[in-house]
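Trainee: Here is the input, now give the coordinates:
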Amino acid sequence: MQKTRGASLPGYLALIVVIAIAVYLLAPYILGNSKQQNLHKVRNDILAIRDAVSQYKLDNDMYPTTEQGLNALVVQPTLEPVPPYWNSKGYISNLPQDPWGQPYQYTNDDGAIRIFSFGPDGKQGGNEIDLTNLDKQ
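Mentor: Numbering: from 1, shown residues only. Purely as a prediction, here's the structure:
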């Protein structure tokens, strides 16, 4: 009589244990990387927006007001003060959204500029991510 060779229950269990340990050890690197990628995107987006806001100021000798917002970088503002030398091509081709699908926030407090994201929860006062602040110039 010949014995058939095949996988045994203990063999399957050992394989499942090895796979579970591998997933347990690798999951933080895979999932943690996502958080780093989100922060990297926020940093790059805010730097691009900050550069566009700076160019707006160079051309018009003023930053967009809080009311004009970041949209003033894409479409010429009609709200006062209307920029006298607004670039007809705009200052940024389109406004990016943060990694959580929300628009970036902008405030101009008498020349103190703040560009930020509300963060993963999307709520003001929560986990805001503020990576840049242009001081009065």
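
Trainee: and the spatially closest residue to Val82 that is not a sequence neighbour, how many neighbours does it have?
Mentor: Once flanking residues are discounted, Val82 sits nearest to Gln76: 7.7 Å by Cβ to Cβ, 6 or more residues apart in numbering. All C-beta atoms are positioned from the backbone trio N, CA, C, and that covers glycine. As a burial measure, Gln76 scores 13 neighbours (other Cβ atoms under 10 Å).

Trainee: element containing Gln76, please.
Mentor: Assigned by DSSP states H and E, Gln76 falls within no helix or strand.

Trainee: centroid residue for this protein?
Mentor: Val42 (2.7 Å; Cα atoms, centre = their mean).

Trainee: Tell me how far it lies from Ser54.
Mentor: Going from Val42 to Ser54 by Cβ to Cβ, to the nearest Å gives 18 Å.

Trainee: Please apply the same query to Glu67.
Mentor: Distance from Glu67 to Ser54, by Cβ to Cβ: 20 Å.

Trainee: who's more crowded, the two?
Mentor: The residue with more neighbours, out of Glu67 and Ser54, is Ser54; 15 against 10, by other Cβ under 10 Å.

Trainee: Could you pull out the helices in this structure for me?
Mentor: For the chain, the helices defined by DSSP state H occupy 9-60.
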